[in-house]
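>>> Fold the following.
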Amino acid sequence: MEFSTGFGWIRLPVLAAAFILGSVLTVSAQIIPPTTAAAPDDEAEAAEAPDVNDPDVLKGIDVDKLDWSQLAIDAGTLNDVIAAKKRAQAAAKDGLNWSSNANANGSSAVTVNQSVSSFWDTRIGADMTVTSEPRTMSELLAQKATNGGSLPQSSGTAWATATAPGAGSIWDKTAVEARVDPGAEQSKIGASLTKSVPLSSDYSLTLQNGYSVNQQGTTALPGIGGHITRNYETDQSAKVTITDTGTSITAGQTLSTTDDKWLRKVGAEQKLFDNVTVSGSVGETSQGAINKSLTAGFKKSW
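Numbering: from 1, shown residues only. Sure, this is the predicted structure:
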């Protein structure tokens with residue numbers, strides 16, 4: 001039996017060629033032609049093009065005479081500024097109040113305090129003297145010259161204060177203060193009672209009694225034990241304030257266990273104008289000499 005097709009074997013190459021050609025044409029039709037790049041915006045070109053009418057910022061300036069030292073930044077100083085800013089931000093979150101003032105000898109007086117209770121106005125804090133390490137030989141010599149040949153030392157004092165109401169008509173306010181200086185091995189605790197008596201619309205009288213205990217310790221050495229001494233002190237004062245003139249007159253006396261008599265003192269303070277005052281005082285000393293002082297002060301709070 002013989003089997004034959006209507007096309008015959010001679011037509012197979014022709015059919016294969018036609019099939020390949022059709023496939024190529026189909027794939028070519030599905031290819032997406034690439035897009036052309038967008039033209040730049042006219043406004044961007046206008047912004048980048050300089051204007052010939054722009055003023056010359058360096059006109060009339062001698063570049064050779066410019067003080068380029070203003071651009072010199074000490075890396076150590078920059079790090080201190082950054083660190084101080086971070087500490088201030090962290091302290092603000094914790095409710096701490098920081099203040100700093102530069103001293104003449106190159107150190108800084110730093111005070112930090114925090115409110116513990118608003119009911120009795122209780123606060124705790126520290127008063128510190130912070131010195132900076134000299135970075136160069138010139139700074140080292142300058143600090144020694146300012147401090148009499150020695151370098152200033154850092155120190156600190158911790159304290160706590162509380163203000164409470166008085167006892168009816170006996171006194172108006174009670175203030176308690178405790179202070180500890182570990183470096184000097186000193187500590188103090190005291191209390192004061194204040195009574196305000198209005199004399200008239202223009203005059204007022206303030207009476208105050210204070211009591212304190214001061215303790216001084218010495219470091220124990222090999223073979224020698226440490227020693228602690230205590231000093232008890234009391235003071236009394238009366239202050240008359242004249243509202244119209246901004247004048248106040250104070251008279252008081254102090255007695256301590258180291259003295260055998262009352263030491264008296266009188267003083268006056270005059271307010272010249274806003275935040276500026278002048279004060280003077282005359283007082284006795286335990287040696288018998290008279291101590292006189294005259295000071296002027298400026299105080300501003302913001």
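>>> quick one: contacts of stretch 126-141?
Stretch 126-141 is touched from outside by 74, 76, 103, 106-113, 142-143, 151-159, with contacts defined as C-beta atoms under 8 Å, 6 or more residues apart in numbering. No exception for glycine: its C-beta is placed from N, CA and C like everyone else's.
>>> again, only using 6 Å
S107, S108, V110, T111, V112, Q143, P152, S154, S155, G156, T157, A158 (C-beta atoms under 6 Å, 6 or more residues apart in numbering).
>>> Going by neighbour count, list what's buried in that stretch.
Residues of stretch 126-141 classed as buried by neighbour count (16 or more other C-beta atoms under 10 Å): D127, M128, T129, T131.
>>> do the same with stretch 280-296
S281, G283, E284.
>>> Check the gap between the first one and A178 for me.
Between S281 and A178 the distance, using C-beta to C-beta, to the nearest Å, works out to 27 Å.
>>> still on that earlier bit, return the members of the contacts of stretch 126-141 classed as buried.
The neighbour count (16+ other C-beta under 10 Å) marks S107, V110, V112, Q143, P152, T157 as buried among those.
>>> Greatest separation within these: which pair is it?
Greatest spatial distance in the buried ones among the contacts of stretch 126-141: V112 and Q143, 24.2 Å, computed using C-beta to C-beta.
>>> hey, where'd the strands end up in the stretch 101-250 of the chain?
Using DSSP state E, counting those that start in this stretch, the strands of the stretch 101-250 of the chain run over residues 108-117, 122-130, 155-165, 173-181, 186-198, 203-217, 228-242, 247-256.
>>> could you dump the ones you listed to a markdown table with distance to S99 and mean pLDDT?
Converted to a markdown table, those look like this (distance: least, C-beta to C-beta, whole Å; pLDDT from 0 to 100):
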| stretch | distance to S99 | mean pLDDT |
| --- | --- | --- |
| strand 108-117 | 5 | 84 |
| strand 122-130 | 10 | 89 |
| strand 155-165 | 14 | 90 |
| strand 173-181 | 18 | 93 |
| strand 186-198 | 22 | 92 |
| strand 203-217 | 25 | 93 |
| strand 228-242 | 27 | 93 |
| strand 247-256 | 26 | 95 |
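>>> All set now, cheers.
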